[in-house]
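Engineer: What follows is a predicted structure for the sequence shown.
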Amino acid sequence: MPPRNREGHRKCSLAVFPGSFDPITNGHLDIIGRGLSVFDQVTIAILVNPEKHPLFTVEERVDIIRETFRGEGRVKVDTFSGLLVDYAERVGASVIVRGLRAISDFEFEFQMALMNRRLNPRIETVFMMPAESYSYLSSRLVKEVFQLGGKVGDLVPAIVERRLREKYGAAPPAAVPLRRRARARRA
Ligand code: PNS
């Protein structure tokens with residue numbers, strides 16, 4: 001029987017999908033879709049990390065993701081700082097969803113899941129595998145390929161491609177100022 005609250009209503013299962021999302025990719029979308037097939041609601045939680053130098057500001061990332069999921073009431077977008085488990089507890093989520101693309105992801109994800117469990121044993125981490133076609137996809141590679149003139153249309157939502165074009169300008173990649181490229185690479 002599904003869990004119920006004190007009034008006897010079925011409890012809504014909420015999962016948090018945390019990350020940097022700089023920018024969100026179709027691989028993330030794939031995992032969110034899988035999350036929605038298991039949980040009632042998925043909150044995409046963007047980490048606010050002042051030490052990182054992202055390409056897109058937190059506000060831009062929130063905006064991009066809101067636009068991507070416009071009309072999908074079961075997906076929420078939020079930001080957080082501090083410990084992820086504290087955030088999950090605060091919003092009433094008992095599950096953290098993470099995508100596992102390849103074995104190379106495993107070690108870091110395993111460490112993080114066990115540390116999070118130690119910090120708060122009430123929060124469970126669930127790993128989901130994206131479609132094979134996204135197993136090589138990362139936000140970092142999308143930025144690099146776009147900057148160097150490669151096509152990313154099949155790898156990101158249309159709004160991300162548009163925003164990348166706005167960021168880097170419509171000029172051919174060779175004309176992108178070196179200083180701007182270095183800044184983007186650090187993100
Ligand atoms: O998309 P990313 O960069 O792989 O996401 C990493 C993220 C945001 C999930 C991770 O850095 C995180 O949870 N940071 C919050 C701080 C925290 O809780 N640290 C302890 C985790 S072991």
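Structural biologist: Cool, the structure landed.
Engineer: who's the one residue in the chain that gets nearest to the ligand bridged to?
Structural biologist: At 3.1 Å from the ligand, Gly19 is the closest residue in the chain, using Cβ to the nearest ligand atom. Where C-beta positions appear, they are placed from N, C-alpha and C, glycine not excepted. Using DSSP bridges, the beta-bridge partners of Gly19 come out as Ile46.
Engineer: thinking it is in contact with Asn49, fair?
Structural biologist: No: with contact defined as Cβ atoms under 8 Å, Gly19 does not count as touching Asn49 (11.0 Å).
Engineer: quick one: which of the two has more around it?
Structural biologist: More crowded of Gly19 and Asn49, by other Cβ atoms under 10 Å: Gly19, with 19 against 12.
Engineer: Need the per-residue pLDDT for the more buried one.
Structural biologist: Looking at Gly19, its pLDDT is 98.
Engineer: likewise the one 5 residues further on?
Structural biologist: Reading off the confidence values, Ile24 has pLDDT 98.
Engineer: now do Ala131
Structural biologist: Confidence score, pLDDT, at Ala131: 96.
Engineer: The nearest residue to it once chain neighbours are set aside: neighbour count?
Structural biologist: Residue nearest to Ala131 in three dimensions, not counting chain neighbours: Asp30, with 5.4 Å by Cβ to Cβ, 6 or more residues apart in numbering. Asp30 has 18 neighbouring residues, counting by other Cβ under 10 Å.
Engineer: What lies in contact with the helix or strand encompassing Asp30?
Structural biologist: Taking DSSP states H and E as the definition, one finds Asp30 inside helix 26-36. Contacting residues not belonging to helix 26-36 are listed as 15, 17, 19, 21, 42, 44, 68-69, 74-75, 97, 99, 101, 128, 130-131, 134, 137-138, 154-157 [Cβ atoms under 8 Å, 6 or more residues apart in numbering].
Engineer: Fine, thanks again, bye for now.
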